[in-house]
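In: What shape does this take:
(chains A, B, C and D)
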Number of protein chains: 2
Amino acid sequence: MTDTARGTSRRYGTRPTMKDVAARAGVGLKTVSRVVNGEPGVTPDTERRVQEAITALGFRRNDSARILRKGRTASIGLVLEDLADPFYGPLNRAVEEVARSHGALLINGSSAEDPVREQELVLALCARRVDGLVIIPAGDDHRYLEPEITAGIATVFVDRPAGQIDADAVLSDNFGGAQDAVAHLIAHGHRRIGFIGDQPRIHTARERLRGYRTAMAAAGLPVDDAWVSLGSTDPGRVRAAATAMLDAPQPVTALFAGNNRVTVTAVRVLGERPRPVALVGFDDFELADLVRPAITVVAQDPARMGRTAAGLLFRRLDGIIDPPHREEIPTRLIARGSGEIPPTED
Amino acid sequence: MTDTARGTSRRYGTRPTMKDVAARAGVGLKTVSRVVNGEPGVTPDTERRVQEAITALGFRRNDSARILRKGRTASIGLVLEDLADPFYGPLNRAVEEVARSHGALLINGSSAEDPVREQELVLALCARRVDGLVIIPAGDDHRYLEPEITAGIATVFVDRPAGQIDADAVLSDNFGGAQDAVAHLIAHGHRRIGFIGDQPRIHTARERLRGYRTAMAAAGLPVDDAWVSLGSTDPGRVRAAATAMLDAPQPVTALFAGNNRVTVTAVRVLGERPRPVALVGFDDFELADLVRPAITVVAQDPARMGRTAAGLLFRRLDGIIDPPHREEIPTRLIARGSGEIPPTED
DNA sequence: CCCCCGATTGACAACGTTGTCTAGAGGCTA
DNA sequence: TAGCCTCTAGACAACGTTGTCAATCGGGGG
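Out: The predicted model follows:
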């Protein structure tokens, strides 16, 4: 780029800089910077001249340069499993609102539940020097983050804890919620209850299974291995698991679905069967009250999780340095009908 | 920051730079740059020394500086109405996937359907020098974008066209889809059909209303003003509108809901009424098939819209400069039951 | 034995902004 | 009127990287 192409006749794709504005307004570079940033010490007359030049040239401050100079990017990264998953919508939005209230932008991406992709994404965000990270982890080893955290990138894990490192985390009460769900079914007379959950490498799946087992044990009920199925939330897999439990010689009379995707598939499967089967799902979802029977769920509060996580992040960024902190968000059982169906024998 | 604090004993919050790596490896700065970027012309032995230094220091390239130098940020901005709205989930994800395949990150934010906030957000993204923008507009005047587009920021509008400027747009066939929906109801015997839609300043709401009116006119049916209600999608407003239409002396026998939020509220209202009322909704939604009756919808394809928009964006970024291009994505009527209910008189 | 060539390497400027420091103008006090 | 202080303004370096260019080295051909 030649100097002549700059300032006088701008070419397509070239933006005016403060230098150009300064030249046009007949002032120094720093004076433009002062006007742009609303710093004091500029005569009203000078300011007017600069403003006119800014408007005439269509100048817009280059935040890349500003970031480089100031060291803070005023942006935070959010890594979650799938941007398209409705469960993460409110969480995403809540994080965004908090970021916005702190003047920060949000960069986000999906890990697609792939630890490698999670790491790539996180490190790309670190290279951008985001001020902080909110991570819904896919992997279970986050030692790769240690240098970043040491270097000052605040990090908060949500929904699932970090693996192999000690970091802030905001989690649902998965264990307690699962206990409540199963206890609810037991209270309605069920003794053979199936659990279909997510892959066991996922922390929430393990915790919910633990809640299931604990509630069953607390009621003195045995658990047949055939009643427990952990794996992908692929509809085919879930459908097969549910069908197997329902067609067994001693079929389950109730299902506890480990997350909202499992619940949706379970609703479809149960709708096709003659005999009514009770169902409680972990995670609330829109329209759960419109399905017949309406679906009883253990509701999490994803918006609150997002708000809490982002709040924690910015407290850290503001220099309030505590030891890593783990926060647990309570769940709430919402009885709507499907969980109150009594057991029926063939 | 003193030079002694750098390179030898790093402090918390300070990251090593290429200069530090170079010093430690006993090579020049540019050689480190070459290794980091995988450029040719480095001896295996030198490369090894540099790699060791990188690992030892926990160096990570500062992309802010890189961006400043190279002029491309490898990031695109996505502005939509609400990150938490399930309709935008697949769109968001599709844009992200395309961005990822081009090595770009996604910065996104919600306009909350507020034109001022949209503009703030868009200009903040421009200040970050995103390479391109995908915008679901809230406002109807986008002249503020003209200098940015001239400066080379590629811009694609999705779901709704830009206002007052000529820009790429990817839209659903709102008019045709609405026509199909209403014609479907007419074919099932309805003559008094209500339309509850979004605020009239929103392009899609106007187009869908136009489709409604056209279909009615094509069947030679009059449209009573009391059958049409445009406004916010707030449940209270929608409920009131639906109730008024259904309680009128000449009540409507079918409802056409202008978007998924309206549809959901309509389902709730209709579920409370003794007399069955037909319903077709614009936008598909998860579980529409599980509600009883299952909901007939005009389905859009938000993932395809996102893919198309992002594809267009990157084609522009790759220098394929066409005149602004408008693409229309077809809709598809999915009959599930609620749209096939015949008219019933009191 | 000298020269040329390619390969490797590093010095230096530039990207556009902000922090620091200094210059100069003008007003006030003694 | 000299001296000091305040207020405005600009020169300059720095942020950490990459592009350009020149220097150095070793080897092969004449």
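In: Next to DNA strand C in this structure, residues from chain A, please.
Out: Applying Cβ under 7 Å from any atom of the strand, one finds that chain A approaches DNA strand C through A:1, A:15, A:17-19, A:29-30, A:33, A:36-37, A:59, A:61-62, A:65-66, A:68-70. The C-beta positions use only the backbone N, C-alpha and C, and glycine is treated the same way.
In: which of these count as buried?
Out: For these, a neighbour count by 16 or more other Cβ atoms under 10 Å in any protein chain shown gives the buried set as A:Arg15, A:Thr17, A:Met18, A:Ser33, A:Val36, A:Phe59, A:Arg61, A:Asn62, A:Ala65, A:Arg66, A:Leu68.
In: contacting residues for the last one?
Out: Contact partners of A:Leu68, counting by Cβ atoms under 8 Å, 6 or more residues apart in numbering or on different chains, are B:Asn62, B:Ser64, B:Ala65, B:Leu68.
In: follow-up on the earlier one: out of the buried ones among the residues of chain A next to DNA strand C, the closest to DNA strand D would be?
Out: For these, the minimum distance to DNA strand D (Cβ to the nearest atom of the strand) is 4.3 Å, reached by A:Leu68.
In: Against B:Ser64, how distant is that closest one?
Out: For A:Leu68, the distance to B:Ser64 equals 5 Å [Cβ to Cβ, to the nearest Å].
In: Ok, A:Gly339 next?
Out: 52 Å.
In: So those two - more neighbours on which side?
Out: Per other Cβ atoms under 10 Å in any protein chain shown, whichever of A:Gly339 and B:Ser64 has more neighbours is A:Gly339, with 27 against 22.
In: so what does the worst-scoring helix or strand of chain A on mean pLDDT touch, helix or strand wise?
Out: Within chain A, confidence by mean pLDDT, DSSP states H and E is lowest for helix A:146-150 among all helices and strands, at a mean of 91. Applying 3 or more Cβ pairs under 8 Å, 6 or more residues apart in numbering or on different chains; DSSP states H and E, one finds that helix A:146-150 contacts helix A:115-127.
In: quick one: the helix it packs on near chain B?
Out: Yes - for helix A:115-127, a contact with chain B is found by Cβ under 8 Å from any Cβ of the partner chain, at A:Leu123, A:Ala124, A:Leu125, A:Cys126, A:Ala127.
In: Show me what counts as buried in that helix.
Out: Within helix A:115-127, the residues that qualify as buried by neighbour count (16+ other Cβ under 10 Å) are A:Pro115, A:Arg117, A:Glu118, A:Gln119, A:Leu121, A:Val122, A:Ala124, A:Leu125, A:Cys126, A:Ala127.
In: A:Asn108: what secondary structure?
Out: strand (DSSP: H, G, I helix; E, B strand; the rest coil).
In: Any idea what the closest residue to it other than its chain neighbours is bridged to?
Out: Spatial nearest neighbour of A:Asn108, excluding adjacent residues (Cβ to Cβ, 6 or more residues apart in numbering or on different chains): A:Leu78 at 4.0 Å. Using DSSP bridges, the beta-bridge partners of A:Leu78 come out as A:Asn108, A:Val134.
In: who's in contact with A:Leu78?
Out: Contacts of A:Leu78 (Cβ under 8 Å, 6+ apart): A:Asn92, A:Val95, A:Leu106, A:Ile107, A:Asn108, A:Gly109, A:Leu133, A:Val134, A:Ile135.
In: at 7 Å what do you get?
Out: A:Asn92, A:Val95, A:Leu106, A:Asn108, A:Val134 (Cβ atoms under 7 Å, 6 or more residues apart in numbering or on different chains).
In: thinking the first one is in contact with B:Leu83, fair?
Out: Yes - contact status for A:Asn92 versus B:Leu83: in contact at 4.6 Å, counting by Cβ atoms under 7 Å.
In: phi, psi of the residue of the stretch 201-346 of chain A found nearest DNA strand D?
Out: With Cβ to the nearest atom of the strand as the measure, A:Leu317 is the residue of the stretch 201-346 of chain A nearest to DNA strand D, at 18.2 Å. When quoted as degrees, to the nearest 10, the phi and psi of A:Leu317 stand at phi -60, psi -30.
In: what's the pLDDT at it?
Out: For A:Leu317, the pLDDT comes out at 90.
In: Just give the number of residues close to it.
Out: Residues lying near A:Leu317 (other Cβ under 10 Å) number 17.
In: With adjacent residues omitted, what lies nearest to it?
Out: A:Ala154 (5.2 Å).
In: A:Phe314 is in contact with that neighbour, correct?
Out: No - using Cβ under 7 Å, A:Ala154 is not in contact with A:Phe314; the gap is 8.1 Å.
In: How many neighbouring residues does A:Pro44 have?
Out: Counted with other Cβ under 10 Å, A:Pro44 comes out at 7.
In: repeat for A:Arg237
Out: For A:Arg237, the neighbour count with other Cβ under 10 Å is 15.
In: What residue in the stretch 51-200 of chain A comes nearest to DNA strand D?
Out: A:Arg69 (3.7 Å).
In: Which strand or helix spans that residue?
Out: Take DSSP states H and E as the rule and A:Arg69 turns out to sit in helix A:63-70.
In: go on, A:Pro40?
Out: Judged by DSSP H and E, A:Pro40 forms part of no helix or strand.
In: do stretch A:265-273 and chain B meet?
Out: Yes - using Cβ under 7 Å from any Cβ of the partner chain, stretch A:265-273 reaches chain B at A:Val267, A:Arg268, A:Gly271.
In: Which positions in that stretch come out as buried?
Out: A:Thr265, A:Ala266, A:Val267, A:Arg268, A:Val269, A:Leu270.
In: which SS class is the last one?
Out: Under the three-state scheme (three-state DSSP), A:Leu270 adopts helix.
In: is it true that it touches A:Val277?
Out: Yes - using Cβ under 7 Å, A:Leu270 is in contact with A:Val277, at 5.1 Å.
In: Could you check how many residues crowd around the residue lying closest to A:Thr204 once chain neighbours are set aside?
Out: Leaving aside its chain neighbours, A:Thr204 sits nearest to A:Asn174 (5.0 Å; criterion: Cβ to Cβ, 6+ apart). With neighbours defined by other Cβ under 10 Å, the count for A:Asn174 comes to 25.
In: and A:Asn174, what does it touch?
Out: So, once contact is read as Cβ under 7 Å, 6+ apart, A:Asn174 ends up touching A:Thr204, A:Glu207, A:Arg208, A:Gly211.
In: Of these - the most surrounded one?
Out: Neighbour max across the contacts of A:Asn174 (other Cβ under 10 Å) = A:Arg208, 29 neighbours.
In: how much space between whichever residue of chain A sits closest to DNA strand D and chain B?
Out: Among the residues of chain A, A:Gly28 lies closest to DNA strand D, at 2.7 Å counting by Cβ to the nearest atom of the strand. From A:Gly28 across to chain B, the span is 22 Å (Cβ to the nearest Cβ, to the nearest Å).
In: How about A:Gly41?
Out: Distance of A:Gly41 to chain B, computed by Cβ to the nearest Cβ: 23 Å.
In: for chain A, what spans make up the strands?
Out: A:75-80, A:105-110, A:132-135, A:154-158, A:168-172, A:193-197, A:228-230, A:254-257, A:278-282, A:296-299, A:326-329, A:332-334 (DSSP state E).
In: Which of these has the highest mean neighbour count?
Out: Highest mean neighbour count among those (mean count of other Cβ atoms under 10 Å in any protein chain shown): strand A:254-257, with a mean of 30.
In: That strand and chain B in contact?
Out: No - using Cβ under 7 Å from any Cβ, strand A:254-257 stays clear of chain B, coming no nearer than 13.9 Å.
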